[in-house]
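Q: Below: sequence and its predicted model.
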Amino acid sequence: MSISSTIKSIQDIMRKDVGVDGDAQRIGQLVWLLFLKIFDDKELEWELLNDSYNSPIPRQFRWRTWAADAEGITGDELKDFIDNQLFPGLQNLESKGKDKRAFVIRSVFEDAYNYMKSGQLIRQVINKIQEGVDFNRAQERHLFGDMYEQILKDLQSAGNAGEYYTPRAVTEFMVRMVNPKLGETILDPACGTGGFLSCTLEHIRKNDVKTVEDEQLLQDSIHGVEKKPLPHLLCTTNMILHGIEVPTNIRHDNTLARPLRDQTQKDRVDVILTNPPFGGIEEDGIESNFPATFRTRETADLFLVLIMHLLKVGGRAALVLPDGTLFGEGIKTRIKEQLLETCNLHTIVRLPKGVFSPYTGINTNLLFFTKGTPTKEVWYYEHPYPAGVKSYNKTKPMNVDEFKPEEAWWGSEAKGFKKRVETEFAWKVTAEEIKARNYNLDCKNPHAPQLESHDPEKLLSDYQSMQQQIASTREQLKNIIAAALEVKQ
């Protein structure tokens, strides 16, 4: 049975349970069960490699003890065990010595829930997971990646709480262009399910990791923070799947909740790659963690301020931002002024509509900047649809190969991007021009003047002009009709 079919059959079972309401809860239920299965399979591997390995999980709570036997406990006994023994036991695990695995498990289960009410249906789900894939067989390990991807697709379809999970093609492109290196500290302050972090791991392993010591250095350098429980659980699982044995650097927290003044030099990092939540409003009081000049409750704006602060001098960042940040005024203007004065905002890639379909139609952009020197000019690249494509959707998502023209055009920051040339998709705007525009970064492609502008003043002006034209045309028609009636009489 394929991974897609396995997950579908599991969710069909869950739909019969009166306690599970909607896709988000079904996914939450599936993921904590899957986490315990994956962790148990990994433990079998660690036990083979290390004779002195001791599990942080008490024997009675290990997957192999209560779940692996298809004829094991079921019904009310299973339901009672999960609710009154398993969850309290895992939520109160204590770390043993230097081994931080217990901390990871406890953090995963802090906000996990057993939504299912029927012990018989829980047993059916467990058996499906148990028979699905054996992570200890190397040839089947990749299937867990397929299962994980299927979960993410289902989560996207669920439209969970307005969150935007970044397409793989976008994360890969951003990681390649920022090019994080072994030994650099990498952070995603709104890491979601860990897409940027997993891409970064793959990128650095491919290019830089040669020894066991290199691998340990890499694992220690990856950091993520996620506010919501389900994405945090998914991210922790994702990191384990990608070889991070003890992902203690993936914190369940709100990065914005810590005052900016308390984040000192020791908190600064070399690389930040992220898709911060946009369109959201932070809870009361969060804005007071930021300087008065930049106080707002809009999440994307606060993250941009935070990212500028957390980068070391010479540090590099790439992030996804909506059009509203580019042309927004007020506090947004002050934030963009700070960005151009303290960082080299060298590139903005403008994405076409539908990249984040099906859960938002908001136009988005990829901003790339380096901290430490002011911006002299901003290069724009308008990413086109591939030939024959009018929009992206679930069955035809964006493909990473579409970014090959950008990669060929990109050039070297160390050499000042001197080899970049203007094309039908690429153009540059000086910092002085942007300043004269009151830091409006929503710069139109001069090679495609027919493209619509998202500047609210321009849109209002166009609307008023259109209304005048309509009124004028209506008046002309009235005169023509009146004249025709007079002639007829």
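A: Received the coordinates, thanks. Numbering: from 1, shown residues only.
Q: Quick one: the helices in the stretch 151-300 of the chain, in order.
A: 168-178, 195-207, 212-221, 229-241, 299-310 (DSSP state H, counting those that start in this stretch).
Q: Deepest in the core, which of those helices is it.
A: By mean neighbour count, with neighbours taken as mean count of other C-beta atoms under 10 Å, helix 229-241 ranks first of the helices of the stretch 151-300 of the chain at a mean of 24. To be clear about C-beta, it is placed using only N, CA and C from the backbone, and glycine gets the same treatment.
Q: Could you pull out the strands in the stretch 51-200 of the chain for me?
A: Listed in chain order, the strands of the stretch 51-200 of the chain (DSSP state E, counting those that start in this stretch) span 186-188.
Q: Where does the prediction get shaky in it?
A: 97, 133-150, 152-164 (pLDDT under 70).
Q: now do the stretch 201-350 of the chain
A: For the stretch 201-350 of the chain (pLDDT under 70), the answer is 279-283.
Q: now stretch 242-257: how far from the chain's centre is it?
A: Distance, stretch centre to chain centre, for stretch 242-257: 14 Å (C-alpha atoms, centre = their mean, to the nearest Å).
Q: I'd say Leu273 and Val320 touch.
A: No - when contacts are counted by C-beta atoms under 8 Å, Leu273 is not listed as touching Val320 (9.7 Å).
Q: quick one, phi/psi of Leu36?
A: phi -60, psi -40 (degrees, to the nearest 10).
Q: Contacts only, for it.
A: Trp63, Ala67 (C-beta atoms under 8 Å, 6 or more residues apart in numbering).
Q: Turn the helices of the stretch 151-300 of the chain into TSV, including distance to Glu341.
A: Output for the helices of the stretch 151-300 of the chain, formatted as TSV (distance: least, C-beta to C-beta, whole Å):
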stretch	distance to Glu341
helix 168-178	21
helix 195-207	26
helix 212-221	29
helix 229-241	34
helix 299-310	10
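Q: So for Leu351, which of these sits nearest?
A: Closest to Leu351 of the helices of the stretch 151-300 of the chain is helix 168-178 (C-beta to C-beta; 7.6 Å).
Q: Would you mind saying which of the helices of the stretch 151-300 of the chain lies nearest Gln464?
A: Short answer: helix 299-310, nearest of these by C-beta to C-beta, at 29.1 Å.
Q: Which strands or helices does the closest one pack on?
A: If you count contacts as 3 or more C-beta pairs under 8 Å, 6 or more residues apart in numbering; DSSP states H and E, helix 299-310 packs onto strand 269-274, strand 311-322, helix 323-327, helix 331-342.
Q: what sits against the closest residue to Val320 other than its chain neighbours?
A: Distance criterion C-beta to C-beta, 6 or more residues apart in numbering; nearest residue to Val320, sequence neighbours excluded, is Asn275 at 4.1 Å. By C-beta under 8 Å, 6+ apart, Asn275 lies in contact with Tyr164, Thr166, Val170, Ala190, Gly192, Phe196, Leu319, Val320.
Q: The same query, at a cut-off of 10 Å, please.
A: 163-167, 170-171, 174, 188, 190-192, 195-196, 300, 303, 318-321, 356, 364, 366 (C-beta atoms under 10 Å, 6 or more residues apart in numbering).
Q: And Tyr113, by the same measure?
A: Per C-beta under 10 Å, 6+ apart, neighbours of Tyr113: Gly19, Gln25, Gly28, Gln29, Trp32, Asp83, Phe87, Pro229, Leu230.
Q: So which of the residues you listed is the closest to Gln469?
A: For the contacts of Tyr113, the nearest to Gln469 is Leu230 (50.8 Å; C-beta to C-beta).
Q: how far away is the closest one from Met239?
A: Here Leu230 is placed at a distance of 15 Å from Met239 (C-beta to C-beta, to the nearest Å).
Q: so Leu302 makes contact with Pro291?
A: No - Leu302 is beyond contact range of Pro291, at 11.2 Å (criterion: C-beta atoms under 10 Å).
Q: intersection of neighbour lists for these two?
A: Leu260.
Q: just to revisit the earlier point, of all the helices of the stretch 151-300 of the chain, which one is nearest Gln124?
A: helix 229-241 (21.7 Å).
Q: angle of that closest one against helix 195-207?
A: 10 degrees (axes from the mean of the first three to the mean of the last three C-alpha atoms, to 10 degrees).
Q: other SSEs contacting helix 229-241?
A: helix 23-49, helix 101-109, helix 141-158, helix 195-207, strand 222-226, strand 250-252 (3 or more C-beta pairs under 10 Å, 6 or more residues apart in numbering; DSSP states H and E).
Q: sorry, back to before: select, out of the helices of the stretch 151-300 of the chain, the one closest to Thr325.
A: helix 299-310 (5.8 Å).
Q: to the chain's geometric centre, what's the distance from the closest one?
A: Worked out by C-alpha atoms, centre = their mean, helix 299-310 lies 15 Å from the chain centre.
Q: Compute the inter-axis angle for it and helix 331-342.
A: Using the same axes, to 10 degrees: helix 299-310 against helix 331-342 is 20 degrees.
Q: Can you redo the helices and strands packed on helix 229-241 as JSON lines, where the extra columns are distance to Gln476?
A: Shown next, in JSON lines, are these (distance: least, C-beta to C-beta, whole Å):
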{"stretch": "helix 23-49", "distance to Gln476": "55"}
{"stretch": "helix 101-109", "distance to Gln476": "70"}
{"stretch": "helix 141-158", "distance to Gln476": "51"}
{"stretch": "helix 195-207", "distance to Gln476": "57"}
{"stretch": "strand 222-226", "distance to Gln476": "60"}
{"stretch": "strand 250-252", "distance to Gln476": "65"}
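Q: Show me the one of those that comes nearest Glu402.
A: With C-beta to C-beta as the yardstick, what comes closest out of the helices and strands packed on helix 229-241 is helix 195-207 (16.2 Å).
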